[in-house]
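Visitor: only geometry, no sequence info:
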Ligand code: IMP
């Protein structure tokens with residue numbers, strides 16, 4: 001039995017959704033562990049694009065149990081819409097296929113409003129959040145005043161907690177952000193009805209997972225965002241508000257780190273980022289535009305154009321270490337075809353001197369310059385390749401050098417958005 005964690009190694013949008021969807025037929029449970037509906041996992045099924053924001057991608061496989069773990073922040077309206085959307089097209093027919101932790105925190109309208117108003121107020125210094133209330137919800141969790149799913153489904157507890165919180169939030173909204181106060185009854189009525197709808201899905205996820213592990217079922221921990229956005233290890237403060245590294249999967253799901261036997265790190269063959277913040281290999285030229293257009297690089301949640309750049313092996317090696325990655329998935333390799341030369345960042349330079357690893361403070365991140373190696377590109381399309389040896393020679397070299405540099409093997413190559421556009425290089429489970 002191998003339980004597996006699928007982690008994004010860059011700044012999110014590495015193509016985790018497709019990989020999780022690919023692996024799901026081999027697992028029994030898929031668990032979302034952190035983040036919320038800031039994530040958008042795109043899956044292409046029979047030519048039709050589907051974006052899941054909260055429900056694990058395992059929902060598209062009837063036999064798979066989907067878990068929303070303790071570390072997730074849940075916008076109940078978004079979750080209900082997603083459940084209904086999946087039900088309407090024949091998925092998630094059995095309510096037992098979805099288990100939501102009572103410990104997961106709930107996103108309220110004041111979180112969303114605070115997130116958006118703060119961003120507007122920051123102007124040029126905004127983080128570029130998804131505006132979904134993620135940060136403010138996690139703030140309440142850390143401040144020990146959050147409202148959890150188990151509170152949401154109990155009308156009396158919800159009333160009591162919401163009354164207390166709203167008073168404080170309204171004061172903050174009015175005095176600090178110049179907004180109108182929110183009306184208790186409007187929020188309470190809506191959220192009470194969400195609680196009624198979601199009650200049947202709430203479970204003691206801890207016990208559910210313990211039992212599944214005991215019985216030898218296979219678990220897949222579904223990472224959201226990427227290591228570059230990790231609250232502690234990313235390019236702070238331009239990060240999200242949860243731990244996106246593999247350690248975050250254990251705390252977010254409520255399992256021991258030992259319950260994860262294989263960490264599968266997903267990276268694009270180049271790099272992208274949505275929102276603001278350091279991005280040393282960013283390209284603001286025609287090559288960047290080419291990657292953006294050919295790779296259809298638009299944020300799955302906000303539709304924003306993704307910033308594009310060369311593959312950054314300095315960052316990738318760091319992320320591999322932070323997550324204890326056992327093997328890699330390289331996605332969107334097809335997007336690089338037709339580029340004559342490919343640049344890859346091998347080391348960072350700060351104030352004219354090469355440095356080891358990556359910087360810590362923002363000011364250094366902003367000054368850091370990548371030192372590139374230039375590798376030969378390839379012209380041939382990749383769709384027809386069915387194994388490593390059928391890939392163009394320069395493409396093979398590109399992949400080998402990535403493996404050598406970061407010190408872990410590649411187990412899957414993704415060559416396009418469709419489910420079957422991939423090559424398995426190694427067995428992972
Ligand atoms: P927040 O998570 O909405 O607070 O946004 C914080 C930063 O993380 C912003 O730069 C967002 O663009 C980025 N972000 C959050 N979720 C994702 C994701 O799923 N993919 C890529 N970027 C994300």
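Guide: Looks like it arrived, so ask away. Bear in mind the structure is a predicted one, so any value in this text is a computation, not a measurement. Numbers count the residues shown, from 1 in each chain.
Visitor: what does the stretch 1-150 of the chain have sitting close to the ligand?
Guide: The interface of the stretch 1-150 of the chain toward the ligand, taken as C-beta under 6 Å from any ligand atom, is made up of 11-13, 38-40, 127-130, 132, 134-135. Glycine gets a C-beta too; all of them are placed from N, C-alpha and C.
Visitor: min pLDDT across the residues you listed, which one?
Guide: On pLDDT alone, residue 40 ranks lowest of those, at 86.
Visitor: Just give me the neighbour total for residue 115.
Guide: Residue 115: 23 surrounding residues under other C-beta atoms under 10 Å.
Visitor: Which pLDDT does the model give it?
Guide: At residue 115, pLDDT is 98.
Visitor: cool, and residue 273?
Guide: 97.
Visitor: Also the one 4 residues further on?
Guide: Looking at residue 277, its pLDDT stands at 96.
Visitor: Also residue 57?
Guide: Reading off the model, residue 57 has pLDDT 82.
Visitor: Distance check, it against residue 101.
Guide: Applying C-beta to C-beta, to the nearest Å, the value for residue 57 to residue 101 is 18 Å.
Visitor: Looking at the residues of the stretch 1-150 of the chain next to the ligand, which are in helices?
Guide: 134, 135 (DSSP state H).
Visitor: Format the residues of the stretch 1-150 of the chain next to the ligand as TSV; extra columns: neighbour count.
Guide: As requested, these are exported to TSV (neighbours: other C-beta atoms under 10 Å):
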residue	neighbour count
11	30
12	27
13	28
38	28
39	29
40	19
127	17
128	17
129	22
130	26
132	24
134	25
135	24
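Visitor: Which single one of the residues of the stretch 1-150 of the chain next to the ligand is nearest to residue 26?
Guide: Nearest to residue 26 out of these is residue 39 (C-beta to C-beta; 22.4 Å).
Visitor: The closest one: what's its closest spatial neighbour, skipping adjacent residues?
Guide: The spatial neighbour of residue 39 that comes closest, neighbours along the chain excluded (C-beta to C-beta, 6 or more residues apart in numbering), is residue 224 at 3.8 Å.
Visitor: count of residues packed around the one you found?
Guide: 31.
Visitor: Check residue 377 too.
Guide: For residue 377, using other C-beta under 10 Å, the count is 16.
Visitor: Pretty sure it sits against residue 339.
Guide: Yes - look at residue 377 against residue 339 with C-beta atoms under 8 Å: they come within range, at 4.4 Å.
Visitor: can I see the domain layout of this protein?
Guide: 4-102+202-262, 105-198, 268-424 (automatic domain parsing).
Visitor: Would you mind listing what in the stretch 151-300 of the chain touches the ligand?
Guide: Contact residues (C-beta under 6 Å from any ligand atom) of the stretch 151-300 of the chain with the ligand: 224, 225, 229, 240, 241, 274, 275.
Visitor: Identify, from those residues, the entry nearest to the ligand.
Guide: Lowest distance from the ligand to these (C-beta to the nearest ligand atom) belongs to residue 275, with 2.1 Å.
Visitor: Thought residue 134 was touching the closest one, still the case?
Guide: No - at 11.7 Å, residue 275 does not count as touching residue 134 under the criterion of C-beta under 8 Å.
Visitor: Going along the chain, name the helices of this protein.
Guide: With DSSP H as the criterion, the chain has helices spanning 16-23, 76-88, 109-122, 134-142, 149-152, 155-177, 184-198, 205-214, 246-253, 286-294, 313-323, 362-367, 393-406.
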